[in-house]
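K.L.:
Pasting a predicted model and its sequence here:
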Amino acid sequence: MSPEVPPPTRRAVLRAGACGLLGAAAGGCGFMPAKTPDAQQLAPVKARVDGDLVYFNWADYVDPSVFKGFEKEYGVKVVQSNFDSMEGMVAKLNAGNRYDVIFPSAKWAQRLVRGGRLRRIDHSQLPHAHAVFGTYTYFADPWYDPGSAHTVPFTAYKTGIGWRRDRIGELTGSWKDLWSDKARGKVFLLDDRDEVLGMGALELGLGVSTGDAGDLDRITTLLSTLRPRLRGFSSDSYNNLLNGNAVMTQAWSGDMAAMLNQAKDPSVFGFEAPREGTPINSDCYAIPWNAPHPGTAMLFIDYMLRPENVKKNIEYIGYPMPVAGTEKTYAELVKPFPECLVTQDDLKAGLFFRNGGRAAEDARDTAWTHVKAG
Amino acid sequence: MALLRHSSRTRRRDATDTRMWTWFMLPGTLWMTGFLIASLVLVAVLAVGTTDDLGNPRFGFDLSGVRALADPAYTEVLVRSLGYALLTCAICLLIAYPVAYTIALHGGRYKHALIAAIVVPFFANYLVRMYGWSVVLSDDGPVLRALRAVGLADGNTKILNTGVGVVAGLVYGFVVFMIIPLYAALERLDVSLIEAGRDLYGGPVRTFFYVTLPATRQGAAAGLVLVFLPAMGDFVSAQLMGGPDQIMIGNLIQDKFFQGQNWPLGSALTMLLMLVLLIGMFGYLRRTRKDEAEARR
């Protein structure tokens, strides 16, 4: 990829687009009784070439030259396919599709682990894993996968506010900025249930994943006061800022960092991580229980953790990765937006979106309908 | 005698023909049964099902999805979608009729090329075209720039993220479905009827309303159905061109399946939408049956 072609946003609007149909079609297969993995299918495997790599991730979430290097070094091919939502990914897995390496977010990793869908990963098979677990102690025993027994962290990021400095000047560093009269009619929220409800919860000092009916009522009431100022719900944050449709938008830190490559003059943009707290998220590497080539997947994960590859990927996608020795690369990349950095303290603040029970999820779902449909 | 034998042979050939066509229809029928009817049945069953922890739909009998439909938010969104779809139909008809008329009756040897020029861009992915359209309608896009230049818009005028934007997107997306059946109807139109109208001292306007329009109303009806059905279920236009107040029923269904993983409620909403669409379809079928009966008489 040449430098003038910017990396596309990872969760760009496509996630909400026509692929929904495809996902729904694939999801229909979920009616089939899911096979239960046996002990052997969940046991860790040695890192060794046992076939081509079947790779399943967000589109454009790894530098293509990294793939090329992997193919060349191990003499295998990387067979790529992409998903556009976590739900779509899990629907494909449930339907019995087989992949060697997948990239669930923390919340989804937990669901997959609980459901017995992931093969355990033996860290001693990954010579470069020490750079992650040795320095980023948080990930040695994360809430979503005790002992990181089934996952290795890939990226970590937060959600904040991106805005146009040239149109509305400076902000105050609070989620209240979204209510600013200067941005009236030009504010976007992410088209994402958890992010929007989580933002309301943080503003009210509630838990980001609350499923309590009273809490959710307060959140929807608060967000209804934001509605008249809203221009829309869209996860295409950086394009909305670039083309001027938005002067302020809820945004993922990685997308804002990726935007820096594309903006003619980055100084007209800003990114803040509000002081009430920002939702934190992490994507990880994982190997499904039915992976046809788990050994190659192990080699791939280790290959991806080599510092030179981590650096390439950071520069390509704009998301920070918890790998010791690459902090400078990211800090350099986001110099204009230092708040994109994710520190160990950010991780420990526990502002991850957690899985709730069915009743809590349904309550959040209803709240989201009311926020969205008004 | 010879006549008799001839006719019996014809009858036999008719029978073979029918049997052959039955065989030809088999794959299509199987396909429709397997993938359309069966999946519809699954959606209906799932409307009273549940979802497990991994997001897998599970059979069962649980009415919470159906009961949730009572939330007035859904009625409001359904009525809004209905309004957008009807408006889209009306605008498509107004745009498509002159286009189809001009091509069919005045296209001459360029007829097919003109139709191709309309249909070919349609082969491009719908989502990509809608993306492009959203750029065209954006605040700094060519449409608003042109309107500002001639003083029809000021700095605050918006098209994107408004109802106008959504309907514009729907019209842009589905107008071809109106042009094609209208073109087919106008192609078949016996021009001598128009001449006869003129001969009977009908002006162009009266001839149009008394002769041309009634003779092509089946094409218009087909076009209206072809535009109405996808417009009603569309979620891309509201997603890309709409704002917070333009959410359509398709967007809610999509959210239920994806963000909420509330498959039962998503299925219940789908069934509700189908019910509304079936009423429209039923009206169309009754209308065409009446037309056919009249034509036979």
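P.N.:
Nice, thanks for sending it over.

K.L.:
C-terminal to the helix or strand bottoming out on mean pLDDT in chain B, what's the next element?
P.N.:
Every helix and strand of chain B was ranked by mean pLDDT, DSSP states H and E. The lowest is helix B:2-31, at a mean of 71. Downstream of helix B:2-31, the first helix or strand assigned by DSSP states H and E is helix B:38-46.

K.L.:
So which bits of that next one are buried?
P.N.:
For helix B:38-46, burial by neighbour count (16 or more other Cβ atoms under 10 Å in any protein chain shown) applies to B:42-43, B:46. Backbone N, C-alpha and C define where each C-beta goes, glycine included.

K.L.:
got it, and stretch B:124-141?
P.N.:
For stretch B:124-141, by 16+ other Cβ under 10 Å, it's B:126-127, B:129-131, B:133-135, B:137-139, B:141.

K.L.:
and that stretch, does that touch chain A?
P.N.:
Yes: using Cβ under 8 Å from any Cβ of the partner chain, stretch B:124-141 comes into contact with chain A via B:125-127, B:131, B:135, B:138-140.

K.L.:
Give me the subset of those residues lying in helices.
P.N.:
Within the residues of stretch B:124-141 next to chain A, residues falling in helices by DSSP state H are B:126-127, B:131, B:135.

K.L.:
mind putting those residues in CSV, pLDDT and distance to residue A:314 included?
P.N.:
Formatted as CSV, these follow (pLDDT from 0 to 100; distance: Cβ to Cβ, whole Å):
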residue, pLDDT, distance to residue A:314
B:126, 92, 35
B:127, 91, 29
B:131, 91, 28
B:135, 89, 29
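
K.L.:
biggest separation within the residues you listed, which pair?
P.N.:
Within those, two members stand farthest from each other by Cβ to Cβ: B:126 and B:135, at 15.3 Å.

K.L.:
from the buried residues of helix B:38-46, which are also near chain A?
P.N.:
Answer for the buried residues of helix B:38-46 near chain A (Cβ under 8 Å from any Cβ): residue B:42.

K.L.:
Which member of the buried residues of helix B:38-46 is positioned nearest chain A?
P.N.:
Of all these, residue B:42 has the smallest distance to chain A: 6.2 Å, by Cβ to the nearest Cβ.

K.L.:
interface residues of the stretch 151-300 of chain A facing chain B?
P.N.:
A:185, A:191-194, A:227, A:230-233, A:243-245.

K.L.:
Looking at those residues, which are in helices?
P.N.:
Assigned to helices by DSSP H, the following of these qualify: A:193-194.

K.L.:
Name the member of the residues of the stretch 151-300 of chain A next to chain B with the most neighbours.
P.N.:
Within these, most neighbours by other Cβ atoms under 10 Å in any protein chain shown means residue A:232, with 28 neighbours.

K.L.:
Report the separation between that one and residue B:158.
P.N.:
11 Å (Cβ to Cβ, to the nearest Å).

K.L.:
May I have the predicted confidence score for residue A:117?
P.N.:
On pLDDT, residue A:117 comes in at 94.

K.L.:
I figured it hits residue A:93, correct?
P.N.:
Yes: between residue A:117 and residue A:93 there is a contact at 6.4 Å, judged by Cβ atoms under 8 Å.

K.L.:
since we're on the closest residue to residue A:51 other than its chain neighbours, how many residues are nearby?
P.N.:
Distances taken as Cβ to Cβ, 6 or more residues apart in numbering or on different chains place residue A:293 nearest to residue A:51, at 3.7 Å, with adjacent residues excluded. By other Cβ under 10 Å, the residues close to residue A:293 number 24.

K.L.:
Quick check on residue A:293: phi, psi?
P.N.:
Taking degrees, to the nearest 10, you get phi -130, psi 70 for the backbone angles of residue A:293.

K.L.:
One more: residue B:190?
P.N.:
Torsion angles, degrees, to the nearest 10, at residue B:190: phi -80, psi 110.

K.L.:
Of all the residues in stretch B:110-123, which ones are buried?
P.N.:
Buried residues in stretch B:110-123, counted by 16+ other Cβ under 10 Å: B:114-115, B:118.

K.L.:
With stretch B:162-177 instead?
P.N.:
Here stretch B:162-177 shows B:162-163, B:165-177 as buried, counting by 16+ other Cβ under 10 Å.

K.L.:
Same check on stretch B:55-71?
P.N.:
Neighbour count says stretch B:55-71 has B:55-57, B:65-66, B:68 buried, by 16+ other Cβ under 10 Å.

K.L.:
Spell out which parts of the stretch 51-200 of chain B neighbour chain A.
P.N.:
So the stretch 51-200 of chain B meets chain A at B:51, B:53-57, B:59, B:64, B:68, B:71, B:73-74, B:76-77, B:125-127, B:131, B:135, B:138-140, B:158, B:160-161 (Cβ under 8 Å from any Cβ).

K.L.:
List the ones among these that fall in strands.
P.N.:
When those are checked against strands (DSSP state E), the matches are B:51, B:57.

K.L.:
burial measure for residue A:236, as a count.
P.N.:
Neighbour count for residue A:236, taken as other Cβ under 10 Å: 29.

K.L.:
okay, it: pLDDT?
P.N.:
The model's pLDDT for residue A:236 equals 88.

K.L.:
go on, the one 5 residues further on?
P.N.:
As predicted, residue A:241 sits at a pLDDT of 92.

K.L.:
got a list of what it touches?
P.N.:
A:162-164, A:247, A:249, A:251, A:259, A:269 (Cβ atoms under 8 Å, 6 or more residues apart in numbering or on different chains).

K.L.:
and the two most separated of those residues?
P.N.:
Maximum pairwise distance in the contacts of residue A:241, criterion Cβ to Cβ, is 14.5 Å, between A:247 and A:259.

K.L.:
So residue B:187 lies in a helix, does it not?
P.N.:
Yes: assigned with DSSP: H, G, I helix; E, B strand; the rest coil, residue B:187 falls within a helix.

K.L.:
what sits against residue A:114?
P.N.:
residue B:53.

K.L.:
which intervals of chain B have sub-threshold pLDDT?
P.N.:
The model of chain B has pLDDT under 70 over residues B:1-16, B:260.

K.L.:
can you tell me which of the residues of the stretch 151-300 of chain A next to chain B are in strands?
P.N.:
Using DSSP E, those in strands are A:230-233.

K.L.:
separation between residue B:246 and chain A?
P.N.:
Separation of residue B:246 from chain A (Cβ to the nearest Cβ, to the nearest Å) stands at 8 Å.

K.L.:
For that residue, give me the backbone phi and psi.
P.N.:
Residue torsions, per degrees, to the nearest 10, at residue B:246 are phi -120, psi 10.

K.L.:
Spatially nearest residue to residue 233 (excluding sequence neighbours)?
P.N.:
You didn't say which chain, so I picked chain A. residue A:191 (4.1 Å).

K.L.:
Wait, chain B was what I had in mind.
P.N.:
Once flanking residues are discounted, residue B:233 sits nearest to residue B:250: 5.1 Å by Cβ to Cβ, 6+ apart.

K.L.:
Residue A:158 in helix, strand or coil?
P.N.:
strand.

K.L.:
Tally up the residues packed near it, please.
P.N.:
Each residue near residue A:158 was counted by other Cβ under 10 Å, and the total is 26.

K.L.:
Is it in contact with residue A:277, as I believe?
P.N.:
No: taking Cβ under 8 Å as the definition, residue A:158 is not a contact partner of residue A:277, at 9.4 Å.

K.L.:
about what we covered before: comparing residue A:117 and residue A:93, which residue is more hemmed in?
P.N.:
Higher neighbour count among residue A:117 and residue A:93: residue A:93, with 27 against 23, using other Cβ under 10 Å.
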